[in-house]
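# task: produce atomic coordinates for the following.
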Amino acid sequence: MGRGLSSVGAVVGFLLMALAGSASAADVSPADLKCLACHGSAGMEKPLTDGEKLPLQISGDNFAKSVHSILGCAGCHSDIDLAKHPGGAPTIASRRAFSITRARVCAGCHSTESSGWKLSVHAALVSEGSPIAPICTSCHNPHAVIKGAAEAMDTVPCKACHSDVFAAYAGSIHGMLRNAGVTQAPLCFGCHGAHEVKVPTANEGMKGVCLGCHKEALNSHQKWLPNAQLHFDVVSCPVCHAPKAHRMVDLVLYNSTAKKDAARPVGVPEFESPTGSTDAHAGLDPKTLFKLLQTLNRPGAASLTSITGRLDVRTGVEAHGLTPASAAISDCRTCHQHGAEAFQSVRISVASPSGIPIRYGVNKAVLSSVLSVDSIGGFYAIGGTRITSFDLLLLLALLVGFGIPVLHVSIRWLTRRPNPPHDDQPKGPAE
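Next up, the predicted model:
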């Protein structure tokens with residue numbers, strides 16, 4: 001049954017696309033023409049309770065070309081009684097409230113897409129009360145939906161909200177390939193999903209998204225990069241593949257029991273509001289971070305909290321500025337040397353209810369303090385991070401390890417006694 005409906009839908013979709021180029025308002029049904037007699041009028045709008053006005057003008061030509069034209073106006077507006085319309089029209093609080101309500105109508109046909117959206121970061125932001133988080137009509141004009149239109153660079157809806165990110169993407173290797181007609185190159189939804197939009201920086205970071213297409217990446221890196229798997233675990237792809245980006249250390253508060261990024265600790269002053277600071281002298285110091293983990297992991301705590309360190313770029317805009325592989329950073333000294341740029345800025349991340357990381361400033365001293373051994377012991381870059389106390393302990397261990405045997409041998413040599421002559425030694429000729 002499901003397969004049959006899918007086949008019918010495919011045929012209908014094909015016919016709609018074939019007719020879309022020549023369709024006009026004259027091609028809609030007589031019933032829809034009656035609606036367009038009023039709603040095709042320029043400037044038609046409805047005053048709302050909050051003082052806004054809801055546009056009610058519909059372009060007949062655009063509607064005739066849309067995938068929804070086969071449904072007709074009544075397909076989505078079955079609640080309208082034409083015998084009484086427009087009299088007794090319901091009061092509408094705001095354009096936003098109206099759009100959220102109408103999104104339920106979309107779910108009647110697009111149940112899969114609606115279910116995916118409910119799991120997305122966009123839906124979470126709507127639940128938090130965001131007035132701009134996307135809903136159905138934010139990305140899809142219901143009266144002018146053209147199949148495949150969102151897959152073109154100039155019509156992708158994401159750039160309406162994420163213009164700076166999209167500009168970075170357009171200048172990246174992905175954007176240049178896409179603009180050149182290489183449809184295999186990812187567009188926004190290729191990495192983020194079309195409806196079940198996730199935050200790639202959450203949990204394991206962007207690695208899983210990138211490896212979805214670049215499946216051979218680990219094997220190819222293993223040919224020249226020492227400890228390639230470790231680099232893949234703790235270094236975000238844009239760190240090397242967006243060479244103009246600013247790199248920094250991101251310490252992620254991690255719920256080791258639930259295997260996901262931890263939420264903001266409640267009642268901890270340092271986490272009361274995000275500072276957004278990456279100043280090396282601001283934020284949590286080693287002692288505070290040490291006490292924080294002790295508090296979170298106190299006896300009887302419901303879950304174990306740890307810190308996972310990652311090398312990342314500062315912003316999402318920078319993360320989208322990917323270059324060709326030939327221009328990627330391949331010089332180990334970029335990170336593995338004293339004073340490397342990436343280790344001058346440190347932040348700590350926690351998960352917000354929507355999944356978008358909330359970041360706080362951290363004093364860069366946490367990377368070189370002996371108090372941080374237990375906190376971030378799993379994040380150590382040879383040359384880039386250094387705990388000088390350990391260097392002194394190592395030097396002391398070397399001195400003790402080599403010094404005691406040398407001293408012992410020296411004392412024995414200095415205090416040795418001359419060997420007395422033995423009786424069996426030959427004696428001189430008799431006198």
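# secondary structure element for H195?
Assigned by DSSP states H and E, H195 belongs to no helix or strand.
# quick one, strands of the protein?
Using DSSP state E, the strands assigned to the chain run over residues 45-47, 53-55, 247-255, 260-261, 305-313, 346-351, 357-362.
# show me where the stretch 51-200 of the chain has its helices.
Ranges of helices in the stretch 51-200 of the chain, per DSSP state H, counting those that start in this stretch, are 60-65, 73-76, 95-109, 111-118, 121-127, 136-139, 163-170, 173-179, 188-192.
# out of those helices, deepest packed?
Mean neighbour count, computed with mean count of other C-beta atoms under 10 Å, is highest for helix 60-65 among the helices of the stretch 51-200 of the chain, reaching a mean of 21. For glycine as for every other residue, the C-beta is placed from the backbone atoms N, C-alpha and C.
# pLDDT below threshold where in this protein?
Along the chain, segments meeting pLDDT under 70 span 1-26, 88-89, 149-150, 201-205, 273-282, 377-378, 383-398, 417-431.
# can you list the domains in it?
Domain assignment for the chain by automatic domain parsing gives 11-147, 224-388.
# most tightly packed of the ones you listed?
Burial of the domains of the chain is given as mean neighbour count (mean count of other C-beta under 10 Å); domain 224-388 ranks first at a mean of 17.
# off-centre distance for that domain?
Centroid separation for domain 224-388 versus its chain: 14 Å, with C-alpha atoms, centre = their mean, to the nearest Å.
# present the helices of the stretch 51-200 of the chain as CSV; the columns should include distance to F379.
Formatted as CSV, the helices of the stretch 51-200 of the chain follow (distance: least, C-beta to C-beta, whole Å):
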stretch, distance to F379
helix 60-65, 54
helix 73-76, 53
helix 95-109, 42
helix 111-118, 34
helix 121-127, 26
helix 136-139, 38
helix 163-170, 27
helix 173-179, 29
helix 188-192, 26
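# closest to D261 out of the ones you listed?
helix 121-127 (13.3 Å; C-beta to C-beta).
# can you list contacts of the closest one?
With C-beta atoms under 8 Å, 6 or more residues apart in numbering as the test, helix 121-127 has contacts from I100, W117, A133, P134, I135, V197, K198, V199, P353, S354, G355, I356.
# with distance to Q337 added, can I get these in CSV?
Supplementary listing: the contacts of helix 121-127 in CSV, determined by distance: C-beta to C-beta, whole Å:
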residue, distance to Q337
I100, 53
W117, 46
A133, 43
P134, 44
I135, 49
V197, 38
K198, 35
V199, 32
P353, 40
S354, 38
G355, 35
I356, 33
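# what's the closest of those residues to H143?
Distances from H143 to those, taken as C-beta to C-beta, are shortest for I135 (15.8 Å).
# from L119, how far off is that closest one?
14 Å (C-beta to C-beta, to the nearest Å).
# I figured S41 hits S59, correct?
No - using C-beta atoms under 8 Å, S41 is not in contact with S59; the gap is 11.3 Å.
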